[in-house]
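*Asks:* fold the following, please.
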Amino acid sequence: MLKYAIIFAIISLIAAALGFGGIAAGAAGIAKLLFGLFLILAVLFLVLAALGVGAAKKALD
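*Replies:* Model prediction:
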(Lines give C-alpha, C1' and ligand atoms only; values in the text may rest on other atoms or scores of the structure.)
Protein backbone atom coordinates (compact mmCIF):
# COMPACT_ATOMS: atom_id res chain seq x y z
CA MET A 1 0.00 0.00 0.00
CA LEU A 2 2.84 2.36 0.83
CA LYS A 3 4.38 1.47 -2.52
CA TYR A 4 1.27 2.64 -4.37
CA ALA A 5 1.11 5.84 -2.30
CA ILE A 6 4.67 6.67 -3.34
CA ILE A 7 3.91 5.85 -6.98
CA PHE A 8 0.87 8.16 -6.99
CA ALA A 9 2.90 10.91 -5.30
CA ILE A 10 5.55 10.67 -8.02
CA ILE A 11 2.87 10.70 -10.73
CA SER A 12 1.40 13.79 -9.08
CA LEU A 13 4.76 15.59 -9.05
CA ILE A 14 5.47 14.75 -12.70
CA ALA A 15 1.97 15.80 -13.80
CA ALA A 16 2.27 19.07 -11.89
CA ALA A 17 5.65 19.79 -13.48
CA LEU A 18 4.16 19.22 -16.93
CA GLY A 19 1.17 21.45 -16.21
CA PHE A 20 -1.58 18.88 -15.81
CA GLY A 21 -3.20 20.33 -12.70
CA GLY A 22 -6.29 18.14 -12.60
CA ILE A 23 -4.38 14.91 -12.94
CA ALA A 24 -1.84 16.09 -10.36
CA ALA A 25 -4.57 16.93 -7.85
CA GLY A 26 -6.29 13.59 -8.37
CA ALA A 27 -3.08 11.62 -7.99
CA ALA A 28 -2.15 13.62 -4.88
CA GLY A 29 -5.55 12.89 -3.36
CA ILE A 30 -5.17 9.18 -3.99
CA ALA A 31 -1.64 9.24 -2.53
CA LYS A 32 -2.90 10.98 0.63
CA LEU A 33 -5.70 8.46 1.02
CA LEU A 34 -3.42 5.46 0.59
CA PHE A 35 -0.80 6.87 2.95
CA GLY A 36 -3.41 7.60 5.61
CA LEU A 37 -4.80 4.09 5.28
CA PHE A 38 -1.27 2.70 5.55
CA LEU A 39 -0.64 4.64 8.77
CA ILE A 40 -3.91 3.51 10.34
CA LEU A 41 -3.26 -0.14 9.50
CA ALA A 42 0.37 0.05 10.67
CA VAL A 43 -0.66 1.42 14.07
CA LEU A 44 -3.47 -1.12 14.35
CA PHE A 45 -1.14 -4.03 13.63
CA LEU A 46 1.46 -2.71 16.08
CA VAL A 47 -1.16 -2.55 18.83
CA LEU A 48 -2.46 -6.02 17.98
CA ALA A 49 1.08 -7.41 17.97
CA ALA A 50 1.78 -5.89 21.38
CA LEU A 51 -1.43 -7.36 22.77
CA GLY A 52 -0.69 -10.71 21.17
CA VAL A 53 2.70 -10.98 22.83
CA GLY A 54 1.12 -10.37 26.23
CA ALA A 55 -1.57 -12.99 25.56
CA ALA A 56 1.03 -15.54 24.49
CA LYS A 57 3.05 -14.95 27.69
CA LYS A 58 -0.08 -15.43 29.82
CA ALA A 59 -0.92 -18.65 27.99
CA LEU A 60 2.57 -20.05 28.52
CA ASP A 61 2.64 -19.25 32.25
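*Asks:* any weak-confidence spans in this protein?
*Replies:* The chain contains residues with pLDDT under 70 at 54-57, 60-61.
*Asks:* what segments of it are helices?
*Replies:* 2-18, 21-60 (DSSP state H).
*Asks:* most packed of the ones you listed?
*Replies:* helix 2-18 (a mean of 15; mean count of other Cβ atoms under 10 Å). Bear in mind the C-beta positions are built from the backbone N, C-alpha and C, glycine included.
*Asks:* packing partners for that helix?
*Replies:* Packing partners of helix 2-18 (3 or more Cβ pairs under 8 Å, 6 or more residues apart in numbering; DSSP states H and E): helix 21-60.
*Asks:* run the chain-centre distance for the helix it packs on.
*Replies:* Taking Cα atoms, centre = their mean, to the nearest Å, one finds the center of helix 21-60 at 6 Å from the center of the full chain.
*Asks:* report all helices and strands that it contacts.
*Replies:* Against helix 21-60 (3+ Cβ pairs under 8 Å, 6+ apart) you get helix 2-18.
*Asks:* what sits up against the helix it packs on?
*Replies:* G21, I23, A24, A25, A27, A28, I30, A31, L34, F35, F38 (Cβ atoms under 8 Å, 6 or more residues apart in numbering).
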